[in-house]
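Colleague: based on what follows, work out the 3D shape:
(one chain, ligands or ions: 2)
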Amino acid sequence: MAQVVAVANQKGGVAKTTTVHSLGFALAERGRRVLLVDLDPQACLTFSLGFDPDGLDRSVHDCFVRRAKAADVRREVPGVDGLSVLPATIDLAGSEVHLLTRTGREHALARALAPLLPDVDVVLVDCPPSLGVLTINGLTAASEVLVPLQCEALSHRGVGQLLDTIADVRMFANERLAVRGVVATMFDERTRHGREILAAVEERYGLAVLEPPVRKSVRFAEAPARGRCILQHAPRSAGAEAYRALAAALDRAWTLLAAAPPRRRAGDAGGSGAGGAGARGGGTRG
Ligand SMILES: Nc1ncnc2c1ncn2[C@@H]1O[C@H](COP(=O)(O)OP(=O)(O)O)[C@@H](O)[C@H]1O
Ligand SMILES: [Mg+2]
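Modeller: Ligands and ions are numbered 1, 2, ... in the order given. Modelled structure (predicted):
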């Protein structure tokens, strides 16, 4: 069964979109069939995959509002075997309003994705920078959450709020939702500060921190304008290697999960989720 991963943090500019694109590419490189979902009306993921959001006749919005089939909205990413996307357009901003008036609004994405799941291994959902109905849809459709966290002072403000939202989604819409952990982004090796922030997040929120952290590099900013991710733009860079290592760790964890007896699967690992493969350590809930 496909792993559906929501990449969420209500803070903007923490590398959610970069993480979805780079991990998606790295997993496709490993031979996985990967579907990316752009849930952000700003459509940055769609754009960075080489599509012009203004020129698309259909987007994930049509799945929500016009009940279009996801299979008809899905696009193969040119030049990358096994990678496809449900693109966003600015129309998606209207989905928020539309969904708010609908019964079962938080299940719209899960419903749309269901027919595609038998044909993919991994779905990565790029959530918008809010905890509104679109992000709730991402969390409701997901088996697990990844939280990109920029390693800067105050960057963890808001993590508690995100975890509260995840707890609500578990209670009301998706009880199997697990938290895979934090992906440390824009990490600065030269200061002790980054490691201190990660240790604090681990201890305070009981969140696993996945290894390795993704270091800060200007190569990241150059890639999206060319319709590429870091693995295409600078394949041997530290950033590309970090996302490859994260993809390998996730792949291993999912393989273990698939082999585990059903009772031990993601979701019953309590507050902090899906266990530690790829993670630096458990941490206790503070
Ligand atoms: N490791 C990194 N080092 C430096 N810049 C990065 C890194 N990861 C992402 N960026 C840049 O940071 C900006 C915000 O990233 P983005 O993925 O769009 O964040 P979000 O989706 O959370 O808003 C982009 O310009 C992106 O290229
Ligand atoms: Mg984004």
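Colleague: output the below-cut-off pLDDT ranges for the chain.
Modeller: The chain contains residues with pLDDT under 70 at 262-286.
Colleague: and the residue of it nearest ligand 2?
Modeller: Shortest the chain-to-ligand 2 distance, computed as C-beta to the ion: residue-wise this is Thr17, at 3.3 Å. Where C-beta positions appear, they are placed from N, C-alpha and C, glycine not excepted.
Colleague: tell me, how many residues neighbour that residue?
Modeller: For Thr17, the number of neighbouring residues by other C-beta atoms under 10 Å comes to 28.
Colleague: same question for the one 4 residues further on.
Modeller: Here the neighbour count serves as a burial measure; for His21 (other C-beta under 10 Å) it reads 31.
Colleague: please apply the same query to Gly160.
Modeller: Neighbour tally, Gly160, other C-beta under 10 Å: 11.
Colleague: wait, is it part of a helix?
Modeller: Yes: the assignment for Gly160 is a helix, going by DSSP: H, G, I helix; E, B strand; the rest coil.
Colleague: which residues of this protein lie near ligand 1?
Modeller: Within reach of ligand 1 by C-beta under 6 Å from any ligand atom, the chain has these residues: 12-18, 44, 129, 185-186, 214, 216-217, 220-221, 224, 239.
Colleague: switch to 8 Å and redo it
Modeller: The chain comes close to ligand 1 at residues 9, 11-21, 40, 44-45, 126, 129, 148, 185-187, 214-224, 230, 239, as judged by C-beta under 8 Å from any ligand atom.
Colleague: do any residues in stretch 175-193 lie close to ligand 2?
Modeller: No: using C-beta under 5 Å from the ion, stretch 175-193 stays clear of ligand 2, with a minimum separation of 11.7 Å.
Colleague: stretch 217-228 too?
Modeller: No: if you take C-beta under 5 Å from the ion as the test, stretch 217-228 misses ligand 2, and the best it gets is 10.1 Å.
Colleague: residues contacting stretch 57-76, please?
Modeller: The list of residues contacting stretch 57-76 from outside it, by C-beta atoms under 8 Å, 6 or more residues apart in numbering, reads 35, 37-39, 43, 46, 51, 53, 83-89, 91-92, 94-95, 98-99, 108-109, 112-113, 115-116.
Colleague: I figured the residue of the chain closest to ligand 2 hits Phe47, correct?
Modeller: No: counting by C-beta atoms under 8 Å, no contact exists between Thr17 and Phe47, whose distance comes to 9.2 Å.
Colleague: remind me, longest helix of this protein?
Modeller: The helix of greatest length in the chain, counted in residues with DSSP state H as the criterion, is given as helix 238-259.
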